[in-house]
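Undergrad: Sequence first, then the predicted structure, then my questions.
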Amino acid sequence: MTGSGTEKDRSAGAQAALGFAHIVSDVMTRSVATVGPETAFKDVVRALQDRHVSALPVVDGSGHVVGIVSEADLLPKEEFRDRDPDRRTQLRRLADLAKAGSDTARDLMTSPAIAIAPGDTLAQAARVMARARVKRLPVVDDTGRLLGIVSRADLLKVFLRDDEDIAEQVRREVTAYLFPGPASAVRVDVQDGVVHLGGRMRDRSLVPVAARLVRAVEGVVDVRFELDQS
């Protein structure tokens with residue numbers, strides 16, 4: 001029972017040490033192109049082309065996000081330009097047909113917008129993007145006012161982190177908690193974001209815990225164990 005309690009204590013301690021993480025405000029773009037609800041169709045297209053983006057927040061006069069207008073919202077106008085949809089298509093794609101007949105951002109946009117807070121972690125932002133199948137998220141304050149935008153590319157910046165920085169964090173916040181003792185007992189090396197843990201681990205039952213906690217360190221691509229046989 002004592003051993004089990006020690007393992008749980010070490011695991012909990014390591015997880016607490018990993019409390020710091022980059023948040024959305026660290027990586028978001030603060031200068032954001034937007035359109036208003038009454039922006040005309042052609043002006044929306046022009047704004048998308050000028051900024052080389054696939055979607056733009058739609059904001060009201062107070063700077064609050066009221067929706068998102070994307071290339072996908074604009075395409076129905078071209079798709080149905082030279083043909084009348086059959087009955088089945090009309091029933092199945094009512095929303096797209098409505099957008100095909102729209103000429104302002106208010107009627108084209110997807111609303112309400114899926115947004116995220118500046119204090120959310122990058123992992124939270126990644127989960128929201130994956131579930132919503134979107135490439136970027138507006139970042140808003142508690143009132144819904146636009147603060148910036150975060151993209152998939154922004155979230156991937158953590159993987160450009162220096163290998164030695166990752167190694168130092170793993171030593172300080174994972175192995176020091178899970179495997180206390182001589183500094184040489186567990187070796188930590190990082191190559192291209194892949195963490196290699198080697199040396200001697202007296203308690204092999206902590207290996208899965210170590211793997212999970214190391215993967216939680218930002219910038220880690222994978223973790224591999226190269227342990228001494230004992």
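TA: Everything's here; your move. Numbers count the residues shown, from 1 in each chain.
Undergrad: CA only for contacts and neighbour counts going forward, please
TA: OK.
Undergrad: what's the residue most central in space within the chain sitting at in phi/psi?
TA: Nearest to the geometric centre of the chain sits Ala126, at 2.4 Å (CA atoms, centre = their mean). Main-chain torsions, Ala126, degrees, to the nearest 10: phi -60, psi -40.
Undergrad: In contact with it, which residues are there?
TA: By CA atoms under 8 Å, 6 or more residues apart in numbering, the contact set of Ala126 is 152, 155.
Undergrad: Any idea which helix or strand in the protein has the lowest mean pLDDT?
TA: helix 2-17 (a mean of 46; mean pLDDT, DSSP states H and E).
Undergrad: Okay, now the unreliable bits of the chain?
TA: For the chain, the stretches flagged by pLDDT under 70 are 1-21, 78-101, 182-184, 230.
Undergrad: all strands for it, in order.
TA: Using DSSP state E, the strands of the chain run over 55-59, 65-70, 136-140, 146-151, 186-191, 194-199, 222-227.
Undergrad: Tabulate these in TSV, adding columns for mean neighbour count and distance to Pro180.
TA: Shown next, in TSV, are the strands of the chain (neighbours: other CA atoms under 10 Å; distance: least, CA to CA, whole Å):
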stretch	mean neighbour count	distance to Pro180
strand 55-59	26	50
strand 65-70	24	50
strand 136-140	25	41
strand 146-151	23	39
strand 186-191	19	9
strand 194-199	19	13
strand 222-227	15	16
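Undergrad: okay, the ones you listed in a markdown table with distance to Tyr177 next?
TA: A markdown table is the format used below for the strands of the chain (distance: least, CA to CA, whole Å):
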| stretch | distance to Tyr177 |
| --- | --- |
| strand 55-59 | 44 |
| strand 65-70 | 44 |
| strand 136-140 | 35 |
| strand 146-151 | 34 |
| strand 186-191 | 12 |
| strand 194-199 | 14 |
| strand 222-227 | 17 |
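Undergrad: For Val27, find the nearest of the ones you listed.
TA: Shortest distance between Val27 and these, using CA to CA, is found for strand 146-151: 7.1 Å.
Undergrad: Other residues contacting the closest one?
TA: In this structure, residues lying in contact with strand 146-151 by CA under 8 Å, 6+ apart are 24, 27-32, 59, 63-65, 118, 135-141.
Undergrad: again, only using 6 Å
TA: 28-30, 64, 135-140 (CA atoms under 6 Å, 6 or more residues apart in numbering).
Undergrad: Stretch 130-138 now?
TA: With CA under 6 Å, 6+ apart, stretch 130-138 has contacts from 115, 149-152.
Undergrad: switch the cut-off to 8 Å
TA: 57, 65, 114-116, 129, 146-152.
Undergrad: before we move on, back to that, which among the contacts of strand 146-151 gets closest to Val158?
TA: Using CA to CA, those come closest to Val158 at Met28, 12.5 Å.
Undergrad: close enough to count as contact, that closest one and Asp154?
TA: Yes - at 6.6 Å, Met28 counts as touching Asp154 under the criterion of CA atoms under 8 Å.
Undergrad: Check the burial of the residue lying closest to Ser25 once chain neighbours are set aside by counting its neighbours.
TA: Leaving out its chain neighbours, the residue that sits closest to Ser25 by CA to CA, 6 or more residues apart in numbering is Pro118, at 4.7 Å. Using other CA atoms under 10 Å, Pro118 has 23 neighbouring residues.
Undergrad: which ones are touching Pro118?
TA: Contacts of Pro118 (CA under 8 Å, 6+ apart): 23-25, 139-141, 147.
Undergrad: Make a markdown table out of these and add distance to Lys42.
TA: Output for these, formatted as a markdown table (distance: CA to CA, whole Å):
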| residue | distance to Lys42 |
| --- | --- |
| Ile23 | 36 |
| Val24 | 32 |
| Ser25 | 32 |
| Val139 | 26 |
| Val140 | 27 |
| Asp141 | 30 |
| Leu147 | 26 |
